[in-house]
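Trainee: I'd like to go over a predicted model; first the sequence, then the structure.
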Number of protein chains: 4
Amino acid sequence: MTIYSFLDDYSEGCHPEILAALSETNLSQQTAYGNDEYSMEARRLIAHECGRPEVPVYFVGGGTLANLIICSAVLRSHEAVISAASGHMVMRETGAIEATGHKIITMPSADGKLTPADVDAAVAANGQFPHMARPRLVYVSNATEFGTVYTRDEMVALRDVCRTHDLLLLVDGARLGVALASDRAGGLTLADLSALADVFWIGGTKAGTLFGEAIVLPNESLADDFDFHIKQRGALLAKGRALGLQFKTLFTDGLFERASNEANGAAGALAAGVTAAGFELAAKTESNQVFALLPNPVIEALQEQFAFYVWEPRPGDQSVIRLVTSWATDPGQVERFAIALAKLAR
Amino acid sequence: MTIYSFLDDYSEGCHPEILAALSETNLSQQTAYGNDEYSMEARRLIAHECGRPEVPVYFVGGGTLANLIICSAVLRSHEAVISAASGHMVMRETGAIEATGHKIITMPSADGKLTPADVDAAVAANGQFPHMARPRLVYVSNATEFGTVYTRDEMVALRDVCRTHDLLLLVDGARLGVALASDRAGGLTLADLSALADVFWIGGTKAGTLFGEAIVLPNESLADDFDFHIKQRGALLAKGRALGLQFKTLFTDGLFERASNEANGAAGALAAGVTAAGFELAAKTESNQVFALLPNPVIEALQEQFAFYVWEPRPGDQSVIRLVTSWATDPGQVERFAIALAKLAR
Amino acid sequence: MTIYSFLDDYSEGCHPEILAALSETNLSQQTAYGNDEYSMEARRLIAHECGRPEVPVYFVGGGTLANLIICSAVLRSHEAVISAASGHMVMRETGAIEATGHKIITMPSADGKLTPADVDAAVAANGQFPHMARPRLVYVSNATEFGTVYTRDEMVALRDVCRTHDLLLLVDGARLGVALASDRAGGLTLADLSALADVFWIGGTKAGTLFGEAIVLPNESLADDFDFHIKQRGALLAKGRALGLQFKTLFTDGLFERASNEANGAAGALAAGVTAAGFELAAKTESNQVFALLPNPVIEALQEQFAFYVWEPRPGDQSVIRLVTSWATDPGQVERFAIALAKLAR
Amino acid sequence: MTIYSFLDDYSEGCHPEILAALSETNLSQQTAYGNDEYSMEARRLIAHECGRPEVPVYFVGGGTLANLIICSAVLRSHEAVISAASGHMVMRETGAIEATGHKIITMPSADGKLTPADVDAAVAANGQFPHMARPRLVYVSNATEFGTVYTRDEMVALRDVCRTHDLLLLVDGARLGVALASDRAGGLTLADLSALADVFWIGGTKAGTLFGEAIVLPNESLADDFDFHIKQRGALLAKGRALGLQFKTLFTDGLFERASNEANGAAGALAAGVTAAGFELAAKTESNQVFALLPNPVIEALQEQFAFYVWEPRPGDQSVIRLVTSWATDPGQVERFAIALAKLAR
């Protein structure tokens, strides 16, 4: 029997609607380097969704590329980033930001979120100029690396603290779709982000594309010569159409929202299955990541049918496991998981 | 009427066989980050073609990424590259190599090729240590930026001069397919390159993939921690399957060779059309780039039906134009071009 | 009346013996770039002191230069440093290490010292390769930024944990003189450091030179092409004699030790003055930094005659002040300070 | 018998007036990091000489530091430098500029000087944006690496071409003293440079200091956060007084000009000695470098008494030698050289 994977939200290829678009347009001749008609249409659709028809939008192949290009393009070499210590650019990008020459000031965070107080503290501790790098960019992931999401109010508060200290706000949206679709988002929208952040990016990979992220620059002064940095860091695809077409499709007929809702729905169903079976969640399920606290023997039995990460051991022969869902999650498998867990609970 | 483009070899999407493979495998669950079964099979197929079953192979999204990752991974910061002044990394990568901290020593070259004498001269002029960066890596493109190709003997001579000076040899194979398929290659094969170069990469984008290049490291000591550099530079795709599957397909049933032969064949037919119409070629057609010397009025008339670059003006109201072909070039359009040119010649 | 400064250990020029040497040799013609006879003799003297006649020694102008050159020379771009969060390279070098492309993994530390347990924890938390930078270099300052010093046993333990994890050990010796001269050093010597560290540097600036630090590379494999990095980072002085002569003098007739003993002696006298006046020390005085807890009105009164940093406020209208001594500290002023404090205590 | 050296202009220590100033001020307590009274006075004196009382002035330890800090501070990572191929930053700084991430576009030059036509050509060849780095900074050395100097008119023309292309003009003044003191300078002054260049630096090392260069930023917008870059690159000396005092002395009683005139005078006398002995100069003597064409046996005989570089072999058993003078050149040795040469000529 095959093992079904809840390991992550990038185990499958692309959303069928995107695959269809790739098939339909494959042999049309298009201008290279992102000047094709699909990329232009994708930029128009995203800008429309952001409520800013002229907002600059750029496409790159992956999240680490997005983060390092943004830092390289908008910071001078003595300017530093402030991030939660658990931030993706701190812990999962192999020093990519430092490799472009920039320091990251890290602040401890229990749930992956950065607060205005954290920003205040980071600024206060890094002001012995010129002996310290100047804090200039605040980095937050939404959803965070723990699946938690920022509410609209929290994002407004971050914007405010950034203004106070003359800091730029960058939102890493590798999982922005499920964050905006979350019940906990407090109504946060792409248009809100366009009003609050200086730069953010919309994750395609985890929302249904084969690869690719869309960088949006509401602070238009940051767009000056931005394309040079995309090229210099190796992210300017000859067949930029491949990125443009995927994002055009993602922002057609609400696919981005639909796919994100499916992911969150599946996570909600998994979480419900956990509690229905009498087990506890280790954290509230805010987006497409479910953290369940299970006895180790139950975990081992589940692993015969399902793949997932054992996140951390807990006292009493238990562990937290992490289950991740996506647009591709098979509802039948979610149901099968709930049944299996219920059976094991007995 | 639509204008048919001979502008470049990346105006279309991917080869239909690759598109079919993407469609067939789309929803299978695969391990992330290049540890999927397609990537593993692709590595096996390429290594087999190289005659070195264990040779390390890595996939990245584009040529500039390949070049900058290689330089970053194999050079220390005081080590420099030697390149023809027309080299892609010198003239078309927005300072990507320098952005990783490395100097490029440039040597003039009329046809885009670097000779052993050039290497000797570069080494001789850069030996006042430690006041000068130490030459360490020789960079050649095959085919070159001018469509010229290295013969097997020339590549052996480059390997020899590199050994003399303790230099590494890097072959940029953005257009390696058409170079190996060229009549002028003197029998150079992937297996030869694996014996001669320390590192080379096989261009996918111009050979039929949507994106992606395969880096081969015959000098296995260079592979030490190479994957860290792929990640640090943003090139480790979550859905690495997209790269692996494309290269698996490219190296199945000889697609790489077939596609390259089609490109060169179309270039040969275009070149024949030029001379048949009584015009001159500005350079011998060695791979998939045709340089034709045409009167400017003829060029203007052709532009009503075809897109191509006007390369450089020449005395006597003439110019050199560049025509590029690929696996996707429509033979009917090649024929139409020849007929149009013959008509204009009269 | 002039205010006497206990602000730092670099308020004066150079030790009179060094000034004399500069005067005596000023017009002799010497080979440039550190190949002069004084530099050679200085290297010999230091190597002798290290008990390693052939150990490579290099001179650079300052501590940040020493740290960034070492990191740049001995690390590949994906390799990271482990440091206490209070480390000089973390908090007082304006992101200099990151500007050479390297990540620093920071560990909290109350007294500025890094323990083997910290190293173990840093390695354990940074092992998800290749998504995380590889820990490769352990950085400790001795004396630390808080004036604390490592004992010989602690240094042996650090060496051991480094070996366990295949890490290099770097000792920043900006204040190495006072550290080795400390009662708390447990007998640690330059020869010990040469056996324990892979690389360390001996601070000249705070020990009596006008500028300059001596980098020692007991792990000789790290010396390979090290001089290129000194030049590339702008640290190769044309008149390298100025560095060499100062270190030659510092290691003649035990000046390094004498100067360090004077600094520690003055600190001890200041500390004794504090307690004699009935006040408390905020930390044990281990080298040339004295931390005294004083009522704020006392501090204000002292500031009319002495300059020093008010380090941090404490409850009860008190603050910690920091007093720093050096070879140049005037014993008369130390006495005057004690008297003034005693008077204020009444 | 001792061999007298004409190898370079940094074989001795510092000018006696500077040594005296170091001795007189040695034990005064001064604020660290360049905020001492000598540095402030030195800035005032230089600004006065520049005719711009408020022009920002910074001190660093050496020329490579000056160049790399300037490039790092004023350029974004996609911006490139234009330089003569013989420029110091191209050929003698071990890739220091590239190590900060910036490309240098090189133009061939016979005499070390860059012309407006060279700048036009470099801009024209590097405009395929964003595939090419954007030319942004023009780098010239005055005097050049060959001892040639720019006239005032040539410098005005360079300023004009820079304005046309929105380029910044940087003048490397490692040997600015002898350039301004040259008969060929056409009256160029520090005040002129302050009106023409965006940034330039005044070389101390070759003009009489032990080490140190003064960076002047007439384009004041470039001074924004400049001090962070000095610190980040390791150039902020704790005892900044050592730099300030030397430049204060250099700009007191016209020492900078006097020392430069002595150097040029000695060069003129050496050149006169060459021609008086019946030999040819290989290039006009414009500053403190003399290039003489001598028979190889004569060269060998001279080498028994004098040290100098044999620059390049020439046909007919001859070679060009280079003789360099400075403020420290002993007039008696210049005379002795002329006599020795005259004797050998017979």
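Mentor: All right, it came through fine.

Trainee: is stretch A:178-190 up against chain B anywhere?
Mentor: No: against chain B, stretch A:178-190 shows no contacts by CB under 8 Å from any CB of the partner chain, the least distance being 15.2 Å. For the C-beta atoms, the positions are set from N, CA and C on the backbone; glycine is no exception.

Trainee: what helix or strand is the residue nearest to residue A:234 when sequence neighbours are not counted on?
Mentor: Nearest residue to residue A:234, sequence neighbours excluded (CB to CB, 6 or more residues apart in numbering or on different chains): residue B:65, at 3.4 Å. With secondary structure defined by DSSP states H and E, residue B:65 is part of helix B:63-74.

Trainee: next secondary structure after that helix?
Mentor: Using DSSP H and E, the first helix or strand after helix B:63-74 is strand B:79-84.

Trainee: ok now the helix or strand that comes right after that next one, how far from the chain's centre?
Mentor: Where DSSP H and E defines the elements, the next helix or strand beyond strand B:79-84 is helix B:88-91. Remark: helix B:88-91 is offset 12 Å from the chain centroid, using CA atoms, centre = their mean, to the nearest Å.

Trainee: is helix B:88-91 anywhere near chain A?
Mentor: No: Helix B:88-91 does not reach chain A (CB under 8 Å from any CB); its nearest approach is 10.9 Å.

Trainee: the helix holding residue B:65 packs against which elements?
Mentor: helix B:88-91, helix B:96-99, strand B:134-141, strand B:168-173, strand B:199-203, strand B:213-216, helix B:226-232 (3 or more CB pairs under 8 Å, 6 or more residues apart in numbering or on different chains; DSSP states H and E).

Trainee: by how many degrees do that helix and strand B:168-173 diverge?
Mentor: Interaxial angle of helix B:63-74 relative to strand B:168-173 (axes from the mean of the first three to the mean of the last three CA atoms, to 10 degrees): 170 degrees.

Trainee: and the helices and strands packed on helix B:63-74, which is most packed in?
Mentor: Of all the helices and strands packed on helix B:63-74, helix B:96-99 has the most neighbours on average by mean count of other CB atoms under 10 Å in any protein chain shown, namely a mean of 29.

Trainee: quick check: mean pLDDT of that helix?
Mentor: Regarding helix B:96-99, the rounded mean pLDDT is 98.

Trainee: so who does residue A:278 touch?
Mentor: For residue A:278, the contact set (CB atoms under 8 Å, 6 or more residues apart in numbering or on different chains) comprises residue A:345.

Trainee: element containing it, please.
Mentor: Counting by DSSP H and E, no helix or strand carries residue A:278.

Trainee: report pLDDT for it.
Mentor: 97.

Trainee: for residue A:1, same thing?
Mentor: Predicted confidence (pLDDT) at residue A:1: the value is 58.

Trainee: dump the residue contacts of the residue in the stretch 201-346 of chain A positioned nearest to chain D.
Mentor: For the stretch 201-346 of chain A, the residue closest to chain D is residue A:228, as judged by CB to the nearest CB, at 3.6 Å. With contacts defined as CB under 8 Å, 6+ apart, the neighbours of residue A:228 are B:94, D:78, D:129-130, D:133-134.

Trainee: redo these as JSON lines? Include distance to residue C:36.
Mentor: Formatted as JSON lines, those follow (distance: CB to CB, whole Å):
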{"residue": "B:94", "distance to residue C:36": "43"}
{"residue": "D:78", "distance to residue C:36": "41"}
{"residue": "D:129", "distance to residue C:36": "48"}
{"residue": "D:130", "distance to residue C:36": "48"}
{"residue": "D:133", "distance to residue C:36": "39"}
{"residue": "D:134", "distance to residue C:36": "43"}
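
Trainee: list buried residues within the residues you listed.
Mentor: Neighbour counting over the contacts of residue A:228 (16 or more other CB atoms under 10 Å in any protein chain shown) leaves B:94, D:78, D:130, D:133-134 as the buried ones.

Trainee: helices of chain A, start to end?
Mentor: In chain A, the helices defined using DSSP state H lie at A:16-25, A:37-49, A:63-74, A:88-91, A:96-99, A:116-125, A:152-164, A:176-180, A:190-196, A:226-232, A:241-250, A:255-276, A:296-302, A:331-345.

Trainee: what separates the nearest residue to residue A:260 once chain neighbours are set aside from residue D:193, distance-wise?
Mentor: Leaving aside its chain neighbours, residue A:260 sits nearest to residue A:177 (3.4 Å; criterion: CB to CB, 6+ apart). Remark: distance between residue A:177 and residue D:193 (CB to CB, to the nearest Å) = 57 Å.

Trainee: and what of residue A:336?
Mentor: To residue D:193, residue A:336 is 78 Å away according to CB to CB.

Trainee: from what I can see residue A:141 touches residue A:112, true?
Mentor: Yes: counting by CB atoms under 8 Å, residue A:112 is a contact partner of residue A:141 at 7.0 Å.
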